[in-house]
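Visitor: 3D, please:
(chains A, B and C, ligands or ions: 1)
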Amino acid sequence: MPRGEVIINSELCKECSLCVAACPQDVLAIGKTINSKGYHAVEAVAPERCTGCTLCAVMCPDVVLTIKRRSPERK
Amino acid sequence: MQTVFQKPEALTDVQMHYCPGCTHGIIHRLVAEAIDSLGIREQAIGVASVGCSVFAYDYFNCDMQQAAHGRAPAVATGIKRVRPDNIVFTYQGDGDLASIGMAEIVHAAARSENITVIFVNNAIYGMTSGQMAPTTLLGQKTATSPRGRTAEEMGYPIKMCELLATLEGPAYLTRVSTHDSRHVLQAGRAIKKAFEMQQQKKGFALVEVLSTCSVNWGMTPVDALKWVEQNMVPYYPLGVYKDVTAKEGN
Amino acid sequence: MARILMKGNEALSEAAIRAGLKAFYGYPITPQNEIPAYMAEHLPLRGGVYLQAESEVAAINMVYGAAGAGARVMTSSSSPGISLKQEGISYIAAAQLPCVIVNVVRNGPGLGGIQPAQGDYFQAVKGGGHGDYRLIVLAPGNVQEMADLTTLAFDLADKWRNPVMILSDGILGQMMEPVEFSENGTLQQLEKPWATTGAVGRKPNIVNTLDIIADKAEKNMQALLAKYDRIKAEEARWQEVGTEDADVILVGYGTSGRVARSAMEMARRQGLKVGLFRPITLWPFPEKRLQELAKSERTFLAVEMSAGQMIEDVRLAVNGVSPVYLSNRLGGMVPTPEDVLAKIHEIVEGRVS
Ligand SMILES: Cc1ncc(C[n+]2csc(CCOP(=O)(O)OP(=O)(O)O)c2C)c(N)n1
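Guide: Numbers count the residues shown, from 1 in each chain, chains lettered A, B, ... in the order given. Model prediction:
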């Protein structure tokens, strides 16, 4: 069971990659599917590595990401 | 599992129009998070400026006024003086605040208007498609400094925090950045503090946030963050330029 | 209530405070300095805010903010300062915010002088700032009206959600006359559910002038113009003296209206049939009534302290039915009743050019 979970609202994603660069675990990558705005939305390619650290969401300019964590150590 | 990160209540559901990777979106979220965490959404009256953030009135889920270019601090003054118990903030770009609105920001600071100013410095005029701003760095190429800004021709970029720090009025002046997650979190704390100062009636608080404009800078959003770190931070040093609560051992 | 001797600018200020003024944002310029001085002295002691802004640009934008937040708010200035306020005035009109702006007009263009003039008529009634908008423009003709029209200005501003300008000059501002403030000078203030007061238990209110989708912007403009049409239909005000049998009708407002009145009285004493038409609202201009008064055997004489600006509205109203002439002085010079009387003689003796 991964410690964290990243929930992606693909419709809001603009393919900027800031979350991909921010993730220390390489959980995220730009995906293949295109959303209605014409962007390749980000995908969790290695969800099992997610720790729920929120750094991807912190860097996302479009509030695409919601993060869940098993035992919230901080907020 | 518990939700540890989600859209703040002080942001509406309207999708922001910003270009991919534009840090305006991050800064909007930080402002909204600060409003949420202080529980002041129903008290807040925001003033949107003219620039890429002109639509901020659609994104912040609180009462908003849209001001003429550069005049947000005057509009905010007008509001705050007749509604001192509301929390009044402006959200301004560098062209808006440091060029056309220089008089308004300096005097609001000098009067120590009890308002919170979010100053987004992206070293360029974003909305009008990339002209030289008062904060454009020396050597930086823009649509109106195509061979790079030179001091001889165009003068020097303006350091607003340092300039305002010469005044008695301001209660809190700080420069933060958005170039990585650690700095974004720090920026969030500074923004929250700038609202708290207003709640405590300490006076004028301004947070300058170094920001990107990847489209007009001609680079990817990820490279734009690096550009902030490598080029803007050295010229615009991060840190607290004034904090009247520091002496009080806050 | 007793009548008190007061300067026009003071009567105007006192009336504004009695009308429930919550904030005054100003910047020094002659000849309106008595207004901010009176406000600084009295307003803070009577529940309001006085603030000297860093410029007229800032002052009018403070007015925008306070008006958007639902307060009765006002600024005053004189010609060069009013030019600087045009940006904010256009925004206030576009956002449909109520406020009162006083222009104690001085002679111009440029820095000009500080003498009384009426050269800002076009700026006040035709626009001044950018875009299709209108101000309601009131022209007091004596100290009592400086007070009464100020009260009215706040009520009209709230009623129509529109900026109202009071067009005055140094003579009216400095002149001392007895004035009486009606006991119920403070009228019932309207609710302002649209104001930004904090979104407590309701959806956010937005005060905005950005309108970038053309077909929506056109609809919004049509709604604005429909409001202006209603104001035109309902709010025109004027004074008429001896117009019924008049061969010559003098048209003048404010100070030039006073001069015209004296000239009319002198002419009547000489047996000449002369009347006075004094517009009190310059926008909406009382054009319907002027149109009714127009006859081929009647002449209109506009009396102005400008190159002849209001005369264009007189001509539009009479629409070629009557000849319209001008008696004017410029540069801060005030026409004398004798000047006007001489022009009346030229008209009735057929010597006019
Ligand atoms: C009086 C006036 N002058 C010029 C403009 C055009 N204008 C719109 S946005 C803008 C620049 C905004 O740049 P900045 O404040 O740096 O914000 P950014 O778009 O970069 O976020 C300008 C000059 C205007 N709207 N009003």
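
Visitor: where in chain A is pLDDT low?
Guide: A:72-75 (pLDDT under 70).

Visitor: give the closest residue to A:C16 in space, chain neighbours not counted.
Guide: Excluding its sequence neighbours, the residue lying closest to A:C16 (CB to CB, 6 or more residues apart in numbering or on different chains) is B:G21, at 3.2 Å. Quick note: C-beta positions are derived from backbone N, CA and C, even for glycine.

Visitor: tell me the contacts of the one you found?
Guide: B:G21 is in contact with A:14, A:16-18, A:61, B:212, B:214, B:220-222, B:224, counting by CB atoms under 8 Å, 6 or more residues apart in numbering or on different chains.

Visitor: mind putting those into JSON lines with secondary structure, distance to C:V248 and neighbour count?
Guide: Converted to JSON lines, the contacts of B:G21 look like this (DSSP: H, G, I helix; E, B strand; the rest coil; distance: CB to CB, whole Å; neighbours: other CB atoms under 10 Å in any protein chain shown):
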{"residue": "A:K14", "secondary structure": "coil", "distance to C:V248": "73", "neighbour count": "26"}
{"residue": "A:C16", "secondary structure": "coil", "distance to C:V248": "75", "neighbour count": "28"}
{"residue": "A:S17", "secondary structure": "coil", "distance to C:V248": "81", "neighbour count": "19"}
{"residue": "A:L18", "secondary structure": "helix", "distance to C:V248": "78", "neighbour count": "32"}
{"residue": "A:P61", "secondary structure": "coil", "distance to C:V248": "72", "neighbour count": "26"}
{"residue": "B:T212", "secondary structure": "coil", "distance to C:V248": "71", "neighbour count": "33"}
{"residue": "B:S214", "secondary structure": "helix", "distance to C:V248": "72", "neighbour count": "22"}
{"residue": "B:T220", "secondary structure": "coil", "distance to C:V248": "78", "neighbour count": "16"}
{"residue": "B:P221", "secondary structure": "helix", "distance to C:V248": "75", "neighbour count": "23"}
{"residue": "B:V222", "secondary structure": "helix", "distance to C:V248": "80", "neighbour count": "18"}
{"residue": "B:A224", "secondary structure": "helix", "distance to C:V248": "74", "neighbour count": "26"}
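
Visitor: for the longest helix along chain B, what is the average pLDDT?
Guide: For chain B, the helix with the greatest residue count under DSSP state H is helix B:181-199. Averaged across helix B:181-199, pLDDT comes to 98.

Visitor: ranges for the strands of the chain?
Guide: Picking chain A for this. A:4-8, A:28-34, A:40-44, A:65-69 (DSSP state E).

Visitor: oops, I was thinking of chain B
Guide: Using DSSP E, strands in chain B cover B:2-5, B:44-48, B:63-66, B:87-93, B:116-121, B:172-177, B:205-210, B:239-243.

Visitor: does the longest one come close to the ligand?
Guide: Yes: using CB under 6 Å from any ligand atom as the criterion, contacts between strand B:87-93 and the ligand involve B:G93.

Visitor: so who does B:M132 touch?
Guide: So B:M132 contacts B:124-125, B:140, B:142-145, B:149, B:154 (CB under 8 Å, 6+ apart).

Visitor: and C:V352, what pLDDT?
Guide: At C:V352, pLDDT is 87.

Visitor: excluding its backbone neighbours, what's nearest it?
Guide: C:V352 sits nearest to C:E346 (CB to CB, 6+ apart), 4.3 Å away.

Visitor: please parse chain C into its domains.
Guide: Following automatic domain parsing, chain C resolves into domains at C:3-235, C:239-348.

Visitor: would you agree B:D180 is in contact with B:V228?
Guide: No: counting by CB atoms under 8 Å, B:D180 sits too far from B:V228 to count as a contact (9.2 Å).

Visitor: and the residue in the stretch 151-300 of chain C that the ligand sits nearest to, helix, strand or coil?
Guide: Residue nearest to the ligand within the stretch 151-300 of chain C: C:L210 (9.5 Å; CB to the nearest ligand atom). Assigned with DSSP: H, G, I helix; E, B strand; the rest coil, C:L210 falls in the coil class.
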